[in-house]
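Novice: Sharing a sequence plus its predicted fold:
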Amino acid sequence: MRPVADQIGAACREHGFFCVVGHGIDPVLEASLERAAQDFFALPVEEKMRIAMQHGGRAWRGYFPVGAELTSGKPDRKEGIYFGSELAATDPRVLARTPMHGANLFPTSPPELREAVLEYIEAMTSLGHAVLRGIALSLGLNADYFATSCARDPLLLFRVFHYPAVTTSEDATWGVGEHTDYGLITLLKQDEVGGLEVKHNGRWNSVPVVPGAFVCNLGDMLDRMTRGLYVSTPHRVVAPRTRDRLSFPFFFDPSYDARVEPIDGIAPPTATRAHRWDDLDLDALDGTYGAYLTAKVAKVFPSLG
Ligand code: OGA
Ligand code: NI
């Protein structure tokens, strides 16, 4: 494990991005997920709108059409579905009307999407814990550091995105505009179209497509916990030109009620950070991860309020 942890540490300090291979996620499961997602997005928009996010309420689940989600105030050129942990109406967090907690909205067609999504979330949760064990070791912490602290009950968000190819007459550049992710780690499955770009020393680099690998990147909370030693790196997606693209980001985040604080002894409290894309000061955050996330969400989907 040591050499792997060292490689993870080097990647987290330099790029905040790395590839995960040899992860053991079943390729048959991945293929069924891809097929079901393709079938869903091929439906007429009226059909897809039957599970629109407006029906998901506070759980923040369901479908949104192209142009409905904003990044840095501008509409993204993508459509997608939001999923999360499947919670029963009797779950205490659902009864307490906690935002982001509840049941998923699954379409009736294709029926296979439901099982593929639920199985995928379960498998990716184990993988998320495994990657965080590596990240903990790379920081000189016990392997179970995250699982026994801020990620005891991780908040899981799973999104399926479809980026339609841009026609020549359109002037759309960004599938997703520049942003950072909010939580601990994101594990991205993508098809072979590509288009993800990552900022490094002020320059944009495209992320190569490695078949079978997940792209892992760090979110704002790991950046905050390490006082910027591990970077939550700005990234964006170029709108595809020749064919549609599918991507499947899985967000493995701190528990909703966790107060995420810098880890003692990781980096000097005086460390200074680069100016952020959203002007936010990660050192100055106060409150729970849930509060941070809901404030972010209000900017991304103003209409859902
Ligand atoms: C995101 C993201 C990349 C992609 O959803 O935060 O960066 O390829 N997605 O869809
Ligand atoms: Ni992102």
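Specialist: Nice, thanks for sending it over. Numbers count the residues shown, from 1 in each chain. Ligands and ions are numbered 1, 2, ... in the order given.

Novice: Flag every residue of this protein that's near ligand 1.
Specialist: Contacts of the chain with ligand 1, taken as Cβ under 6 Å from any ligand atom, map to 159, 161, 176, 181, 188, 190, 196, 235, 237, 247, 249. Where you see a C-beta, it was placed from the backbone N, CA and C, and this is true even at glycine.

Novice: could you point out which element follows the helix or strand hosting the last one?
Specialist: In the assignment (DSSP states H and E), Pro249 maps to strand 245-253. Note on strand 245-253: by DSSP H and E, the next helix or strand toward the C-terminus is helix 289-300.

Novice: How about the contacts made by the residue of the stretch 1-150 of the chain found nearest ligand 1?
Specialist: In the stretch 1-150 of the chain, the residue that lies nearest ligand 1 is Lys78 (7.3 Å; Cβ to the nearest ligand atom). With contacts defined as Cβ atoms under 8 Å, 6 or more residues apart in numbering, Lys78 is in contact with 66, 69, 161-164, 175-176, 237.

Novice: let's go with 10 Å and repeat that
Specialist: 64-69, 71, 159, 161-164, 174-176, 237, 239, 245, 247 (Cβ atoms under 10 Å, 6 or more residues apart in numbering).

Novice: now do Met225
Specialist: 139, 145-146, 149-150, 184, 218, 254, 260-263, 266-267, 282.

Novice: how near is it to ligand 1?
Specialist: 19 Å (Cβ to the nearest ligand atom, to the nearest Å).

Novice: Now do the helices in the stretch 101-250 of the chain.
Specialist: Using DSSP state H, counting those that start in this stretch, the helices of the stretch 101-250 of the chain run over 112-138, 220-225.

Novice: Could you check the angle the first one makes with strand 245-253?
Specialist: Spelled out, it's helix 112-138. Between helix 112-138 and strand 245-253, the angle comes out at 50 degrees (axes from the mean of the first three to the mean of the last three Cα atoms, to 10 degrees).

Novice: Hmm, Phe250 and Phe83 touching each other?
Specialist: Yes - using Cβ atoms under 10 Å, Phe83 is in contact with Phe250, at 9.5 Å.

Novice: Find the residues that touch each one of those two.
Specialist: With Cβ under 10 Å, 6+ apart, Phe83 and Phe250 have common neighbours 120-121, 156-159.
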